[in-house]
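Asks: Quick one, what's the 3D model for this:
(2 chains)
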Amino acid sequence: MLLLAIVAITTLAANSARQLRYTAVAFFAVALAAHLIDDGTLAAAQVLVSAAAALVASAILFVAARDRRFGEDPGWRLWIATIVAAATTAAAFVFLRPQTGDEINTNLLGPDPSGVTTDVAAFWLLSSGIAILLTARGAVRGSLGALLMLTGTQLLVQQVPGPHLALTLLLSWLQVVVALAGAFLIVNQRAAREA
Amino acid sequence: MIEVVALLGVAALVAFGVRKRLAVVGTVTLAALAAAIAIVVLMPMDASGEVLELPWHMSELARLAAVVLLGTLCLLVLAVWVDEPAYNFFPTALVVAAAVLAVLVLTTPIAIYGALLLALLVPVGSFTFQVHRNRSAEAAYRHFSFVALGGCLGLSALALSASLGRDQPPSTFVLLVVILVVAFALKLAAIPFHTHAALLASEVPASALALYFGVLVPTTFIAFALILVLSGLLPAIVSIGKVQDLLLALGITSALGGAFLATGSTELRRVAVYSVIANLGQALVGIATLSGPGIIGAMAIALVTGLAATQQLLAAGTLERRAGADRPSATTAPLAALAFVVGGFAMIGAPPLVAFPGHFFVELIAYSYSPWMGTALVIATLGVLVAQLRAAMAIFRTAPERWRVERKPIAGVVGAVVFTALLIGGVQPDGFLQPIATFADQFIRALHPL
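Replies: Residues are numbered from 1 along each chain as shown, chains lettered A, B, ... in the order given. Modelled structure (predicted):
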């Protein structure tokens, strides 16, 4: 639960940041906390691969900022994104959580084998990402939205039985490509705006 | 198979390193693509294996689609090399080739989807050019947003459906399948999710547009069909008619909407792009009928439309470049103009080209499904026909005084190659349709598992 709280707070930090460099650092914190949530199937290799990809993605956005001041002021979009994300997370949890009939037990620090924490974190990240992406004016917040959505997706894919390491590697590559494409667009949109 | 994907990946890295030396990068790219096609053709049918526990299988459909799509990439690379040098295009084409091959041979739905997203995101670099003068950066950003949004939603829906037990309420599966369908509609630019395609059509370079509509959109459609079969979601679609209705509604809206938008377009690129959207609408209807002929027709339409789109978009790009500030005309590039017009035959599914059986099957099955649906698809085809005729008349409004072949007639050459391939396919349709029919059998079996 503590990690879930960290995911929520750092998502808000990334969403509210006016400078891309702060956004990049906050995204790394989001991804790290999300990948450390233990649902009983956590493997060191997967955490390492996912954390490395998150670090690379954050570094790419950090470098793309080029200076400390560059970014996008979220303004009212911050509140819309937060309210929509909170409502959608609750709705997704109600409609899409497996109905096992088991009692849900969560604790503050230990692992959560019921997977509730992972599910809530995934739905929160997906909802936040969608809200940010849909209200974004440009590539700065668009990239953040895409990366948050992908992190939420990674958490859901992690629960699927099958070749975990291969899927983790594939999604990690995807995260790096999303960051690269986002950074490319940020640089181009900035060039077009400053011309 | 991993060796072929690795070969293309390494070639992409080499191509990126030498991207400004046009002769070298062009040779490396074409050689790598040709080698990949040769290996795919020579690989035994039904070869299979595992990569990091991810299973892959070379099916008949995978081989056919790989040859068509990698062949289309070869033509595009040749066109860019000779006529429209763009440094980023070569490594992009190689990465796309590797991802397309992975989509076709992998058998894990989530892995197929992941590879597809990689393929769709990589061309963002090829979409932007001269960002100070046009809106290509905005078009690329919109494409990025649509792919990220649709991609993550679809991937999440797949992951949830794979992790949920089959004893969940039907409404849960309906919701997940609806999310998956909408996610694919976003990536296929199906109407009403086509706004990014409209901007791409007018702003990005013709070669990048051909890469998207000629290679990536057909790959997305094939991935959609593969994922439906492999994910085990088809029985849920059959048992709950609403999802099938949603697919039919999306298909008909795209077929009619695409045709009407094409009819009203004055730009050659838009005519080609909206014709593709109209054809994909027909293909969606084919899949939604959940019948053998419908599935065969749908897959055939997707592959042939990709080839025709490549032919028309490259020709449109050449005509626009040669015309400069004037209207595109056959007087400046007669062979490219001819290639554009001939591409229209494939777009409307005219015989004797191999484009005909696909359209025929889908329209026939649509009529047997419901007369008004069949009529709607025929109206859509007529709309595309009118649009193509208007475009042809606009190009040939001023007849050339002397028919002189333009310098570097690469668009004409690509058009001739594509037309010949489609004609040979039309004369020998079994070679093209048999692998698709095998996949249709697999699809039908997945509808009613034992």
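
Asks: any weak-confidence spans in the stretch 301-450 of chain B?
Replies: B:399-403, B:449-450 (pLDDT under 70).

Asks: wouldn't B:L164 be in contact with B:T172 here?
Replies: Yes: the pair B:L164 / B:T172 is scored as a contact, 6.7 Å apart, by Cβ atoms under 8 Å. For the C-beta atoms, the positions are set from N, CA and C on the backbone; glycine is no exception.

Asks: Now stretch A:17-36: buried residues?
Replies: Residues A:17, A:19-35 are the ones in stretch A:17-36 that count as buried (16 or more other Cβ atoms under 10 Å in any protein chain shown).

Asks: who touches it?
Replies: Here stretch A:17-36 makes contact (Cβ atoms under 8 Å, 6 or more residues apart in numbering or on different chains) with A:3, A:6-7, A:10-11, A:13-14, A:42, A:46-47, A:50-51, A:54-55, A:57-59, A:61-62, A:64-65, A:68-74, A:121, A:125, A:140, A:144, A:147-148, A:151-152, A:154-155, A:186.

Asks: Unless I misread the structure, A:G75 falls within a helix.
Replies: No: remark: A:G75 does not belong to a helix; assigned using DSSP: H, G, I helix; E, B strand; the rest coil, it is coil.

Asks: And it, how close does it get to A:Q189?
Replies: Between A:G75 and A:Q189 the distance is 18 Å, computed by Cβ to Cβ, to the nearest Å.

Asks: just B:E363 next, same as before
Replies: In this view, B:E363 and A:Q189 are 44 Å apart by Cβ to Cβ.

Asks: Now for the nearest residue to B:A206 once chain neighbours are set aside, how many residues are close by?
Replies: Ranked by Cβ to Cβ, 6 or more residues apart in numbering or on different chains and with sequence neighbours excluded, the top spatial neighbour of B:A206 is B:G317, at 2.4 Å. B:G317 is flanked by 25 other residues according to other Cβ atoms under 10 Å in any protein chain shown.

Asks: Which element, helix or strand, includes B:G317?
Replies: Secondary-structure assignment from DSSP states H and E places B:G317 in helix B:292-323.

Asks: immediately after that helix, which helix or strand?
Replies: helix B:334-348.

Asks: Can you dump the C-alpha atoms of that following helix in CSV for me?
Replies: C-alpha atoms of helix B:334-348 as CSV (Å, rounded to 0.1, in the frame of the first residue of the first chain):
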residue,chain,number,x,y,z
PRO,B,334,3.3,10.9,-67.5
LEU,B,335,4.5,7.6,-66.1
ALA,B,336,3.7,8.5,-62.5
ALA,B,337,0.2,9.7,-63.7
LEU,B,338,-0.4,6.4,-65.4
ALA,B,339,0.8,4.5,-62.2
PHE,B,340,-1.7,6.5,-60.1
VAL,B,341,-4.6,5.8,-62.5
VAL,B,342,-3.7,2.1,-62.8
GLY,B,343,-3.5,1.9,-59.0
GLY,B,344,-7.1,3.0,-58.9
PHE,B,345,-8.1,-0.3,-60.6
ALA,B,346,-6.7,-2.2,-57.6
MET,B,347,-8.3,0.1,-55.2
ILE,B,348,-11.8,-0.5,-56.6
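
Asks: right, and the helix or strand after that helix?
Replies: In N-to-C order, the element after helix B:334-348 by DSSP H and E is helix B:355-369.
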